[in-house]
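**Q** Attaching a predicted model along with its sequence, questions to come.
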Amino acid sequence: DSGVTQTPKHLITATGQRVTLRCSPRSGDLSVYWYQQSLDQGLQFLIHYYNGEERAKGNILERFSAQQFPDLHSELNLSSLELGDSALYFCASSVQGARETQYFGPGTRLLVL
Amino acid sequence: AQTVTQSQPEMSVQEAETVTLSCTYDTSENNYYLFWYKQPPSRQMILVIRQEAYKQQNATENRFSVNFQKAAKSFSLKISDSQLGDTAMYFCAFMKQIDFGNEKLTFGTGTRLTIIP
């Protein structure tokens, strides 16, 4: 157990819908990262938050957004869902950021029908 | 941009044998970190081992060790005395060593390792 929690574990929804994925980092970690794992794209970095502020964006679609709250938990919002958004979404956390190992949560498996 | 290449999509080995997974990377950075993560059938991403580029000594964690060749940009993982629980997808990952900014992990495509009883 990495200490990073993610909810829900599984999510099934329809195209065009909106969902919210939640992540709670390890105790004391200030950085939260979101990654997407899909069959065709592999593991890709989406976005990084540090202590409530956005630090870096990767291959994140405009339909996707995220935020980190004062209690340091983070939410990833996916809207206007398409079939291709079906994937495993991971959250990872680290103490600060640079030079730190990232520890991953169990992931949320999203299936868009 | 950094790239990570894992040229072995699948490997299998008998239990108790030793296996080596290959990883090469391309970067213009001098300071960086390299990682091996394991993803068992549960799909959880588990850190196996970490290597700092400035360290010449290869990292080891129990049965897991790496062969880090900085000039060749090679970072292989050796698993000794392989166990059934080592069956998993293994990902090699790269991270730049910079101050706060873009500390993302760049992953390879993975090697699916099967340990045969």
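**A** Received the coordinates, thanks.
**Q** Now do the strands in chain A.
**A** For chain A, strands defined by DSSP state E occupy the ranges A:5-7, A:10-13, A:19-24, A:31-38, A:42-50, A:53-57, A:64-68, A:74-78, A:87-94, A:103-104, A:108-112.
**Q** Once you drop chain neighbours, what's closest to residue A:113?
**A** residue A:14 (5.6 Å; CB to CB, 6 or more residues apart in numbering or on different chains). Quick note: C-beta positions are derived from backbone N, CA and C, even for glycine.
**Q** give me phi/psi at residue B:86?
**A** Residue B:86 adopts backbone torsions of phi -80, psi -10, taken as degrees, to the nearest 10.
**Q** pLDDT score assigned to it?
**A** What the model reports for residue B:86 is a pLDDT of 97.
**Q** Regarding the residue most central in space within chain B, what is its secondary structure?
**A** The centroid of chain B falls nearest to residue B:36 when counting by CA atoms, centre = their mean (3.0 Å). Assigned by DSSP: H, G, I helix; E, B strand; the rest coil, the conformation of residue B:36 is strand.
**Q** Make sure residue B:85 is indeed in a helix.
**A** Yes - with three-state DSSP as the criterion, residue B:85 is part of a helix.
**Q** distance of it from residue B:38?
**A** 10 Å (CB to CB, to the nearest Å).
**Q** same deal with residue A:4?
**A** For residue A:4 relative to residue B:38 (CB to CB), the value is 16 Å.
**Q** With neighbour numbers in mind, choose between residue B:85 and residue B:38.
**A** Under the criterion of other CB atoms under 10 Å in any protein chain shown, the comparison of residue B:85 against residue B:38 puts residue B:38 first, with 21 against 9.
**Q** The more buried one and residue B:92 touch, don't they?
**A** No - counting by CB atoms under 8 Å, residue B:38 does not reach residue B:92; the two are 11.0 Å apart.
**Q** show me what contacts the residue nearest to the spatial centre of chain A?
**A** Centroid-nearest residue in chain A, with CA atoms, centre = their mean: residue A:34, separated by 3.3 Å. Residue A:34 is in contact with A:23, A:45-48, A:60, A:66, A:74, A:76, A:89-92, counting by CB atoms under 8 Å, 6 or more residues apart in numbering or on different chains.
**Q** Just the mean pLDDT for stretch A:67-76, thanks.
**A** On average, stretch A:67-76 scores 97.
**Q** in that stretch, what counts as buried?
**A** Applying a neighbour-count criterion of 16 or more other CB atoms under 10 Å in any protein chain shown, one finds A:68, A:72, A:74-76 buried in stretch A:67-76.
**Q** same check, this time on stretch B:88-102
**A** So for stretch B:88-102, counting by 16+ other CB under 10 Å, buried means B:88-96.
**Q** which two from those residues end up farthest apart in space?
**A** B:88 and B:96 (26.1 Å; CB to CB).
**Q** quick revisit: just checking: which of the contacts of residue A:34 also lie near chain B?
**A** Counting by CB under 8 Å from any CB of the partner chain, A:45, A:48, A:90, A:92 from those sit close to chain B.
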